[in-house]
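Undergrad: My questions concern the predicted model and sequence given below.
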Amino acid sequence: MEESCKNVYITTPIYYVNDVAHIGHAYTTIIADMLARYSRLTGLNTFLLTGTDEHGQKISQSAELRGKTPKEYADEISGKFRTLWDDFDITYDKFIRTTDEEHKLGVQKAFQTMFDKGDIYKGEYEGFYCVSCETFFTEKQLVDEQFCPDCGRPTSIVKEESYFFKLSKYEDKLIKWYEENEDCILPRAKKNEISNFVKGGLRDLSISRTSFDWGVKLPESMNEPKHVMYVWLDALLNYITALGYGTDEANMKFWPANVQLVGKDILRFHAIYWPAFLMSLDLPLPKHIAAHGWWTRDGEKMSKSKGNVVDPKQVADAYGLDAFRYFMLREVPFGQDGDFSQKALIDRINSDLGNDLGNLLNRISGMSGKYFDFKVSSKDVEKFHAKELAEIDAILGNVEAYIFNMQINRYLEDLWKVLTIANKAINDYEPWNLMKDGKADEAMALVALITNIMAKVALLLDAVMPEKIAKIAESLGMKIDTATYNSLIKNKNLLEDTIITKVDQLFPRIEEVLLEQPASS
Ligand code: ME8
């Protein structure tokens, strides 16, 4: 996300409707939601997109297994994703489904445009296909001559008439894009992997199938009723059809996307195919494609067949949605894998959230109530605490850069450094002794310092824990809005005089594991 652009567009992958959501899906979506909320608070015109990927052989087979039509099945699972994101208060501006009529029209327009440009030709595909990954492989790429190198499942041989996209034509242009745009793929180490892969040579990509029909038809002008589009072409284009590409293009002003979040499993599709399609369409490329790591459970990849899938709703219901959001964003450096454990979650709740944040709020209401009838004035903060103010302003002045680099865990670490300064100041200055010694103005300055620190941190934490931050804001008598953000964070001002209200403990201590076995719903 760059500060300079007024329109900000953030996307999640569109999830397959062959399975219910687990914490991996929730992770991507929560990061995207956090970025969108932050961007909106800073005053940027923000569009957050999520949705479901509903075509292809995998969905068609899953539906058949359950005795449903693909559309019936897609309706059911897509609805579940949407309900989950609504329960999680995900602030998406659009939930796209690839079965939406506008999406299909946009995909057909894109196909036609690429075809007219000479980037699509007809041929015959012969090779191997992994239905689970919806990916083509050559014999050389297979493991033990048969198995998918990505998911390990058996592949099937495909030999059929197909249209191809001239991916090979874009090799040099892709390499140039990677070279000239340092952060186009984050983390940077991943960019090098992708760049090396492309340097190894790209084969043209088969983009239509004839052996099943659950997909977007080719444009009518092609007169190819047997062909449906390859599901990844259909799916990737959602990022522009959601903005009206090919239909009502009003929202195309949001393109190019600022951040396209993906898991590392699908980075290749997003960092190679997607920019090549966009180049073919003469559209600008996304600013950042950011790939996060993998959540595992007890060190193992989560999968339904292993029965070790963690249901995010169950976890959020047990431990609180905001605590779950904080945990996901704080626990693992972006790009690295993380193992889900309730113990680690409980530690974060009791220590970071309960002790450092929640107790600090209690201390503010305790001190302000006891000494000043809940009235807090910032007038002497600068006089007595110039040093602490300079220290916190220096930290807070730099945290935004972490968001632009997708280092959200470091962003949170720094906010916690500021909370530590606040907790330490109370212990160092001992307001109870200041009061005893008749230095009420110094005690007031200290309470006001802490209140201001809490207010600033609250503004910066709103995108992470909106529900709890609303409670903190209520307690401090402040607003969480762009004007307050500009005043307290950008312009480094202090709060006006304020009245503190007591609130319940924000994060009650958790003594034991609450879920016997979080499992998929
Ligand atoms: O790939 N850890 O959909 P999908 C972290 N439809 N993130 C995880 C995860 C895990 N264990 N499991 C899933 C698709 N994810 C395509 C995408 S986009 C044009 C088409 C998250 O349902 C992560 O974001 O398999 C991953 O990339 C995505 O879910 C895959 O979702």
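TA: Structure received.
Undergrad: Next one: the residue in the stretch 201-350 of the chain that the ligand sits nearest to relative to residue 98, how far apart?
TA: Residue nearest to the ligand within the stretch 201-350 of the chain: residue 263 (2.6 Å; C-beta to the nearest ligand atom). Any C-beta I mention is one placed from the backbone N, CA and C, and that applies to glycine too. Distance, residue 263 to residue 98, by C-beta to C-beta, to the nearest Å: 18 Å.
Undergrad: again, but for residue 358
TA: 43 Å.
Undergrad: Compare the two (neighbour count), which wins?
TA: Counted by other C-beta atoms under 10 Å, residue 358 and residue 98 do not tie: residue 98 has more neighbours, with 27 against 23.
Undergrad: what's the more buried one in contact with, if anything?
TA: Residues near residue 98 by C-beta atoms under 8 Å, 6 or more residues apart in numbering: 14, 51-55, 104, 216, 234-235, 238.
Undergrad: confidence score at it?
TA: pLDDT for residue 98: 98.
Undergrad: pLDDT of the strand or helix carrying residue 115, averaged?
TA: If you go by DSSP states H and E, residue 115 is part of helix 101-116. Helix 101-116 shows a mean pLDDT of 98.
Undergrad: contacts for the helix or strand just after that helix?
TA: Downstream of helix 101-116, the next assigned helix or strand under DSSP H and E is strand 120-130. By C-beta under 8 Å, 6+ apart, the surrounding residues in contact with strand 120-130 are 57, 111, 114, 135-139, 141-142, 148, 150-151, 153, 155-166, 206-207.
Undergrad: In helices, which of these appear?
TA: Under the assignment DSSP state H, the contacts of strand 120-130 contribute 57, 111, 114 to helices.
Undergrad: ok, of those, which one's closest to residue 306?
TA: Closest to residue 306 out of these is residue 57 (23.1 Å), distances taken as C-beta to C-beta.
Undergrad: Tell me if I'm right that residue 8 and residue 41 touch.
TA: No: applying C-beta atoms under 8 Å as the test, residue 8 and residue 41 come out as separate, 11.6 Å apart.
Undergrad: So between those two, which is more surrounded?
TA: Neighbours were counted for residue 8 and for residue 41 using other C-beta under 10 Å; residue 8 has more, 24 against 21.
Undergrad: In contact with residue 100, which residues?
TA: Neighbouring residues of residue 100 by C-beta under 8 Å, 6+ apart: residue 241.
Undergrad: filter the contacts of residue 98 to the buried ones?
TA: By neighbour count, with 16 or more other C-beta atoms under 10 Å, the contacts of residue 98 hold 14, 51-55, 104, 216, 234-235, 238 as buried.
Undergrad: how about JSON lines for those, with secondary structure and distance to residue 497 added?
TA: Shown next, in JSON lines, are the buried ones among the contacts of residue 98 (DSSP: H, G, I helix; E, B strand; the rest coil; distance: C-beta to C-beta, whole Å):
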{"residue": "14", "secondary structure": "strand", "distance to residue 497": "49"}
{"residue": "51", "secondary structure": "strand", "distance to residue 497": "47"}
{"residue": "52", "secondary structure": "strand", "distance to residue 497": "50"}
{"residue": "53", "secondary structure": "strand", "distance to residue 497": "53"}
{"residue": "54", "secondary structure": "coil", "distance to residue 497": "55"}
{"residue": "55", "secondary structure": "coil", "distance to residue 497": "59"}
{"residue": "104", "secondary structure": "helix", "distance to residue 497": "58"}
{"residue": "216", "secondary structure": "coil", "distance to residue 497": "60"}
{"residue": "234", "secondary structure": "helix", "distance to residue 497": "58"}
{"residue": "235", "secondary structure": "helix", "distance to residue 497": "54"}
{"residue": "238", "secondary structure": "helix", "distance to residue 497": "50"}
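Undergrad: give me the subset of the residues you listed touching the ligand.
TA: 14, 53, 235, 238 (C-beta under 6 Å from any ligand atom).
Undergrad: Check the residues you listed against residue 411 and report the nearest one.
TA: The nearest member of these to residue 411, counting by C-beta to C-beta, is residue 14 at 26.7 Å.
Undergrad: wait, what's in contact with the nearest residue to residue 342 once chain neighbours are set aside?
TA: Of all residues not flanking residue 342 in the chain, residue 513 sits nearest, at 4.8 Å (C-beta to C-beta, 6 or more residues apart in numbering). Residue 513 sits next to 342-343, 346 when contact means C-beta under 8 Å, 6+ apart.
Undergrad: What of residue 281?
TA: With C-beta under 8 Å, 6+ apart, residue 281 has these contacts: 110, 113-114.
Undergrad: cutoff 6 Å now
TA: By C-beta atoms under 6 Å, 6 or more residues apart in numbering, the contact list for residue 281 reads 110, 113.
Undergrad: Kindly give the local confidence score, pLDDT, for it.
TA: Predicted confidence (pLDDT) for residue 281: 98.
Undergrad: What's the mean pLDDT across stretch 45-55?
TA: In the prediction, stretch 45-55 has an average pLDDT of 98.
Undergrad: Could I get the CA-only coordinates of that stretch as CSV?
TA: Below are the C-alpha coordinates for stretch 45-55, written out as CSV (Å, rounded to 0.1, in the frame of the first residue of the first chain):
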residue,chain,number,x,y,z
ASN,A,45,-10.7,5.1,-0.5
THR,A,46,-10.4,1.3,0.0
PHE,A,47,-11.9,-1.7,-1.8
LEU,A,48,-11.6,-5.2,-0.3
LEU,A,49,-12.4,-8.2,-2.4
THR,A,50,-13.0,-11.8,-1.5
GLY,A,51,-15.1,-14.5,-2.9
THR,A,52,-15.3,-18.1,-4.1
ASP,A,53,-13.8,-20.0,-7.0
GLU,A,54,-16.6,-22.3,-8.3
HIS,A,55,-15.7,-23.9,-11.6
